[in-house]
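Chemist: what follows is a predicted protein model with its sequence.
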Amino acid sequence: MLIAAAVCPCPPLLVPEVAAGAAPELDGLRAACAGAIRALAAARPERLIVVGPAEPARRGPHVQGAAGSFRGFGVELDVRLGAPVTDEASGDDAAERGPSPSLPSSLAVGAWLLEHAGWDPAVAVEGLGVGEPLAGERCIEVGRELAGRAERVALLVMGDGSACRTLKAPGYLDERAAAFDAEVARALAAADTGALAALDEELAYELKAAGRAPLQVLAGAGEGARLKGELRYDQAPYGVGYFVASWLS
């Protein structure tokens, strides 16, 4: 069952090497993410599942030790999702194989956050890339299935709010964006699974809210868990809604 969850945004700019000279602008966001992940670790899960949006070719499950890369953003930086798994049959350690950037960028950012927050390598980690078109009902079903993977499951949910908060936002200004993000922030603060499950899929698409599907996966996983929410960050730098939240018992 789900015993804890953390929600973090997934812009590659969270990685200082990618942000370069703009890195200090997101120091507060990075600190909030690190705090949420430390709280997640303190819940002592036996399995962590990182869920985030993914392009078609990288949707679906990603095993522990799966590799990701930020080379597409001009940075020679590779990451892995949790500790590499040793292939005992071949005597080959996955860490010694060449990097294969199979992770979608959202999970690569999640992997970077876990590494820099000092995640315990003894805790099993896996990933799931979900597509923006995934229907809300299906997201709920996926979340329920993830929560049933082990007795003590934790989720790290990667996803942004609307991308239409200002004139310079990636999606330009949409007057509906602020209200949409405010409802997401309220639901995260209250650990309100019903409100997340009820997010308007069409509106989220129009507002370019990349976190809609992962958040609805969280809604399904958190059903009946009676977790308490804490909103750690709610701002819109660059016109994109970024949230950091903790759901704990």
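Modeler: Good, I have the coordinates. Numbers count the residues shown, from 1 in each chain.
Chemist: residue contacts, residue 186?
Modeler: Residue 186 makes contacts with 192, 195, as judged by C-beta atoms under 8 Å, 6 or more residues apart in numbering. Backbone N, C-alpha and C define where each C-beta goes, glycine included.
Chemist: quick one: it and residue 203, what's the gap?
Modeler: Summarising the geometry, the distance separating residue 186 from residue 203, computed by C-beta to C-beta, to the nearest Å, is 16 Å.
Chemist: and residue 171, by the same measure?
Modeler: As judged by C-beta to C-beta, residue 171 and residue 203 stand 12 Å apart.
Chemist: and stretch 17-30, end to end?
Modeler: The stretch stretch 17-30 measures 13 Å between its terminal residues, going by C-alpha to C-alpha, to the nearest Å.
Chemist: what sits up against it?
Modeler: Outside stretch 17-30, the residues within contact range by C-beta under 8 Å, 6+ apart are 9, 12-14, 16, 70, 73-75, 77, 233, 235, 237, 242, 244.
Chemist: buried ones among these?
Modeler: Among those, those classed as buried by 16 or more other C-beta atoms under 10 Å are 9, 12-14, 16, 70, 73, 75, 77, 233, 235, 237, 242, 244.
Chemist: quick check, nearest of these to residue 151?
Modeler: Here the nearest of the buried ones among the contacts of stretch 17-30 to residue 151, counting by C-beta to C-beta, is residue 244; it sits at 26.5 Å.
Chemist: the closest one looks like it's in a helix, true?
Modeler: No - the assignment for residue 244 is strand, going by DSSP: H, G, I helix; E, B strand; the rest coil, so no helix is present there.
Chemist: show me what contacts it?
Modeler: Going by C-beta under 8 Å, 6+ apart, the list of residues near residue 244 reads 6-9, 29, 32-33, 35-36, 231-234.
Chemist: please flag which of those residues sit within strands.
Modeler: Where these overlap with strands, as defined by DSSP state E, the overlap consists of 6-8, 231-234.
Chemist: and stretch 221-238, what's buried?
Modeler: Residues of stretch 221-238 classed as buried: 221-223, 225, 227, 229-238 (neighbour count, 16+ other C-beta under 10 Å).
Chemist: for those, which one is nearest residue 43?
Modeler: Distances from the buried residues of stretch 221-238 to residue 43 were compared by C-beta to C-beta; the smallest belongs to residue 227, at 9.7 Å.
Chemist: ok, so of the ones in strands among the contacts of residue 244, who is nearest residue 158?
Modeler: Checking those against residue 158 with C-beta to C-beta, the nearest one is residue 8 at 5.8 Å.
Chemist: any idea how far the nearest residue to the closest one once chain neighbours are set aside lies from residue 240?
Modeler: Computed as C-beta to C-beta, 6 or more residues apart in numbering, the closest residue to residue 8 that is not its neighbour in sequence is residue 33, at 4.6 Å. Residue 33 sits at a distance of 15 Å from residue 240 (criterion: C-beta to C-beta).
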